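S.K.: Take this sequence and fold it.
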Amino acid sequence: MIFTQIELSRCGPEGTVALITLSRPDKMNALTKVMEAELRAAFEQVDRDPHVRVIVLTGKGRAFCAGMDLAELETISPDDGSSEDWTRPYDMNRRADYQSRYCYFPAIRKPVICAINGAAAGIGFVFPLYCDIRFASSSAVFATAFSKRGLIAEHGIAWILPRIVGPGNAADLLYSSRKITAEEALGMRLVDRLVAPENLLEEVLAYADDMARNVSPRSLQVIKQQLWDAPFQSLADAITAANNEMYQSFQSEDFKEGVAHFLEKRAARFQGN
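M.R.: Predicted coordinates for the structure are as follows:
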């Protein structure tokens, strides 16, 4: 697929980190139907690529994503599709909870790290919530924006945001749609780490590359599924699932390599098996 509104590249010495960049910098990377389709295609492409072990998502220019393109919002009508069309699962072999229109990142089997380089509003606020780890530029700003557009808490944000920042902070951000700074976002744990703007992408890519080179990709895949399944499980369910996965891990080549490289004091050579 030829991409026109995103960019896809491989990074790191071994090219095991996929970098997906929203690329409409003159429009603050506002989302269009074209970008939406390209983003989905890029994620599916790198998820299928056995050479890619970690994915980084960022924006080009001064913004991460300023929300939906207002020109497209103006054209939306009740005839654009039913609510069932918007929430229909993409792949019934994966958890249906994470298959709707914008919240499919947890169904991607590889870790997704978000490098929030600037303004993140509306749908641009939602995307990072479904990433596994969030790094942000110290100059980034955030806003849910929905209530100021006459909209509601879209795309499952009423479910996931309280789990990240707590119920009170979630209500504050959703009701008021006020802008918050990167420092306030860090204080709420909306983001996990702040980085100087000029160092953001370099630091995120270095972090991702270290993970890709030194951690079992099989372990990453299983742990990611455990973390995203946990909100739907009891403790007993989580323990049972973990015990089953531990048994499978003991049979894996990555477990053998994990022991071998530690005992031999050498770099790991994980294959993901």
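S.K.: Give me the buried stretch members for stretch 223-238, please.
M.R.: 223-225, 228-229 (16 or more other CB atoms under 10 Å). (Each C-beta comes from the backbone N, C-alpha and C, glycine too.)
S.K.: what's stretch 226-245 in contact with?
M.R.: 95, 97-98, 106, 132, 163, 222 (CB atoms under 8 Å, 6 or more residues apart in numbering).
S.K.: go again using 10 Å as the cut-off
M.R.: With CB atoms under 10 Å, 6 or more residues apart in numbering as the test, stretch 226-245 has contacts from 95, 97-98, 105-107, 111, 130, 132, 159-160, 163, 219, 222-223, 225, 249.
S.K.: Assumed residue 110 was part of a strand.
M.R.: No. Using DSSP: H, G, I helix; E, B strand; the rest coil, the secondary structure at residue 110 is coil, not a strand.
S.K.: so what's it closest to, chain neighbours aside?
M.R.: Excluding the flanking residues, the one nearest residue 110 by CB to CB, 6 or more residues apart in numbering is residue 55, at 5.5 Å.
S.K.: give the contact list for that neighbour.
M.R.: Here residue 55 is in contact with 17-20, 42-43, 46-47, 49, 105, 108-114, 131-132, 208 (CB under 10 Å, 6+ apart).
S.K.: Quickly list the domain ranges of this protein.
M.R.: 6-212, 215-264 (the TED database).
S.K.: residues of the helix or strand harbouring residue 211 that come out buried?
M.R.: Element membership of residue 211, judged by DSSP states H and E, is helix 200-214. For helix 200-214, the buried set under the neighbour-count rule, 16+ other CB under 10 Å, comprises 200-201, 204-205, 207-209, 211-213.
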